[in-house]
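Q: what follows is a predicted protein model with its sequence.
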Amino acid sequence: MTIEIYDTTLRDGQQNADSNMFTVKKIEMFQKLDSIGVPYIELSWPASPTESIELYESCRRVRKQAQIVAFGSTSINSDPSKDYNLESLLKSRADFACIFGKTWKSHVIGQLRITPQENILKIGESLKFLNEKGMKTFYDAEHYFDGYKDDRIYALETLITASRSGVKRLILCDTNGGTLPHEAEKIVRETREELDERGIDTPLGTHFHDDCGLAVANSLVTAPYVKMIQGTANGIGERVGNLNWITFVVDWVHKMNGQLAHNLDWNRLKEVGDAAFTLSGLPANKTAPFIGDYAYAHKGGVHINATIKSSGASYEHMDPTAFGNRRRLLLTSQGGRDSIRAVAEQFNYKFDRNDPEFIRKSDLLFKKLRAMEDDGYRISSIRAEHFLLIGEYFGGLDNFFKLSDWHVNTGLTNGREKSVAWVKLTVNGENRRHTEMVHGGPIHAIYNSFIGALVKEHPQLESLKISDFYVDLANHLGVRSPVRNYIRFSDGISFGTVGVSDNIIRSSVQAIEKGIRYYLNTIKNVTRKL
């Protein structure tokens, strides 16, 4: 069976408790999904007062190939032609409508407060109305697995009714995420067999939630019986989340030799997964299979040594570059000298591991690294921090400037925020002080002060921008808890540096200073040797 991917990140994914993807970001996410070849992209429930039909028009203007899907429910009004929900689906002018209906008889009686037969009638009339208006349809059978276990005959009748009303796919939904793999496989297989016996050949699909951590497993064991898999990028969704279709497609195609019904740009899977987190305002899952920052990260000295010797084959079951990811050799106090040698070689340093001078400097570096770890820096995977630390102990770095003093004054005047900052630097033997005032926060002001002080000698700094700013606790020490600032910079490429202090501005200054040093050193592309 060839599988179609149906993405619902923009609708079901946004039910995540902390997600906040407004319209502009939804359009950007749509473009990401469309550009890698996702064939069906669900936008929203257009009947919702928080959504806008304009989203559909905007996505139509930028799409290259994806089919746009609008989501809704069966008719609430007894007359489908007067139902606002169905009318909004038509107004969206989407390529497909995916509507859900009740399958579990206890929900029909307890929630809809109608008879089971009235529900069957509602399903049929709603789908017929849309199809007769020229809108192609998918049908989501809500709580299908629970409904099937409760009353198999009734659950199947809802599918038969939907099929005879003209739907293109019948989607079996594990709405509360409570189904186990052996149950999922049995129910989907039996459903396919029973529909075939009754002459119903409409392809099936599945929509698994991840409340038991089994959405990928359930999707894999049922994939041989279905045509469509519904899920979200990274599994973002309500409660625990939805099926992570990114993990599913890699397992299905690369592990189980399954087929997709469409071409997918595999090399951009990480890019799309990262975008789904960023645009939703969610922290990235660094341990996500295949695309997480730590999916191919090696920390222990034995692992790093073996990884170097085998080009990753010893501890990696797949090539990270196949999905737009990369191998990361972590620099920590647990890694041993091989970790220093391996990380340094990425920056063109060459060492003899038995050289007494290499051993001496490595020991000093590890002492510094342990102190940083105790303070809460957490730089194990941060390339720019590795570069600066290796350079500090093994040479090859230009200092460019020395920071002696800095000051920030920030506050609110007549409802408007203003910050004034100055830095005192030594540049080429010259002492200089540069002041900047901004209508905004202190970090913006201090960053501009650095750039203003250095741009004469280094005009390329004008194109370097702060793209992200993260703050968390470095250590838990009550009111004296230090904070960890991770600042990401961008100039075509992105990199980040870290500062730690019990003063949030000071930790930001540390990160900014290191970020500028890294940038000025790396654009010189110096080859370094011990």
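A: Structure's in. What do you need?

Q: C-alpha only now, for contacts and for neighbours.
A: Noted.

Q: contact partners for the residue lying closest to Gln510 once chain neighbours are set aside?
A: Nearest in space to Gln510, with sequence neighbours left out and distances taken as Cα to Cα, 6 or more residues apart in numbering, is Gly499 at 4.9 Å. Applying Cα atoms under 8 Å, 6 or more residues apart in numbering to Gly499 gives the contacts 377, 484-486, 506-511.

Q: let's go with 10 Å and repeat that
A: Shown in contact with Gly499 (Cα atoms under 10 Å, 6 or more residues apart in numbering): 376-378, 471, 474, 483-487, 505-514.

Q: what's across from it in the sheet?
A: Beta-bridge pairing of Gly499 under DSSP bridges involves Asn485.

Q: check contacts around Gly292.
A: The contact partners of Gly292, taken as Cα under 10 Å, 6+ apart, are 234, 270, 273-274, 284-286, 320, 325-326.

Q: tell me which element it is part of?
A: Using DSSP states H and E, Gly292 is not contained in any helix or strand.

Q: report pLDDT for it.
A: pLDDT recorded at Gly292 is 91.

Q: keeping just the C-alphas, turn whichever strand or helix holds Thr426 into PDB.
A: Assigned by DSSP H and E, Thr426 belongs to strand 416-427. Backbone C-alpha positions of strand 416-427 (Å, rounded to 0.1, in the frame of the first residue of the first chain) are rendered in PDB as follows:
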ATOM      1  CA  ARG A 416       7.500  54.400  26.300                       C
ATOM      2  CA  GLU A 417      10.500  52.200  27.000                       C
ATOM      3  CA  LYS A 418      13.900  53.600  26.500                       C
ATOM      4  CA  SER A 419      17.400  52.100  27.100                       C
ATOM      5  CA  VAL A 420      20.800  53.700  27.000                       C
ATOM      6  CA  ALA A 421      24.000  51.600  27.000                       C
ATOM      7  CA  TRP A 422      27.700  52.200  26.600                       C
ATOM      8  CA  VAL A 423      30.600  49.900  26.300                       C
ATOM      9  CA  LYS A 424      34.300  50.700  26.800                       C
ATOM     10  CA  LEU A 425      36.600  48.700  24.500                       C
ATOM     11  CA  THR A 426      40.300  48.600  23.600                       C
ATOM     12  CA  VAL A 427      40.600  48.200  19.800                       C
END
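
Q: show me what that strand is packed up against.
A: The contact analysis (3 or more Cα pairs under 10 Å, 6 or more residues apart in numbering; DSSP states H and E) places strand 416-427 against strand 402-413, strand 430-438, helix 442-454.

Q: so the nearest residue to Phe489 once chain neighbours are set aside: helix, strand or coil?
A: Spatially, and ignoring its direct neighbours in sequence, Phe489 is nearest to Ile466 (4.5 Å; Cα to Cα, 6+ apart). For Ile466, the assignment made with DSSP: H, G, I helix; E, B strand; the rest coil gives strand.

Q: number of nearby residues for Ile466?
A: Using other Cα atoms under 10 Å, Ile466 has 18 neighbouring residues.

Q: is it in contact with Ile493, as I believe?
A: No - here Ile466 lies out of contact with Ile493, judged by Cα atoms under 10 Å, at a distance of 11.8 Å.

Q: just to revisit the earlier point, how far away is the residue nearest to Phe489 from Gly492?
A: Distance, Ile466 to Gly492, using Cα to Cα, to the nearest Å: 12 Å.

Q: same deal with Ser165?
A: Here the criterion is Cα to Cα. By it, Ser165 lies 52 Å from Gly492.

Q: so those two - more neighbours on which side?
A: Set side by side, Ser165 and Gly492 show more neighbours around Ser165, with 20 against 8, by other Cα under 10 Å.

Q: residues in contact with the more buried one?
A: Applying Cα under 10 Å, 6+ apart to Ser165 gives the contacts 123-132, 137, 159.

Q: in TSV: the helices and strands packed on strand 416-427, plus distance to Ala342.
A: What follows is the helices and strands packed on strand 416-427, written out as TSV (distance: least, Cα to Cα, whole Å):
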stretch	distance to Ala342
strand 402-413	30
strand 430-438	38
helix 442-454	33
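
Q: in this structure, what helix or strand scores lowest on average pLDDT?
A: helix 301-310 (a mean of 61; mean pLDDT, DSSP states H and E).

Q: now do the helices in the stretch 1-150 of the chain.
A: For the stretch 1-150 of the chain, the helices defined by DSSP state H, counting those that start in this stretch occupy 23-36, 54-62, 84-92, 105-107, 116-132, 144-150.

Q: can you redo these as CSV with mean pLDDT, distance to Asn77 and mean neighbour count?
A: Output for these, formatted as CSV (pLDDT from 0 to 100; distance: least, Cα to Cα, whole Å; neighbours: other Cα atoms under 10 Å):
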stretch, mean pLDDT, distance to Asn77, mean neighbour count
helix 23-36, 96, 29, 20
helix 54-62, 95, 24, 15
helix 84-92, 94, 8, 20
helix 105-107, 85, 18, 18
helix 116-132, 95, 9, 20
helix 144-150, 96, 23, 21
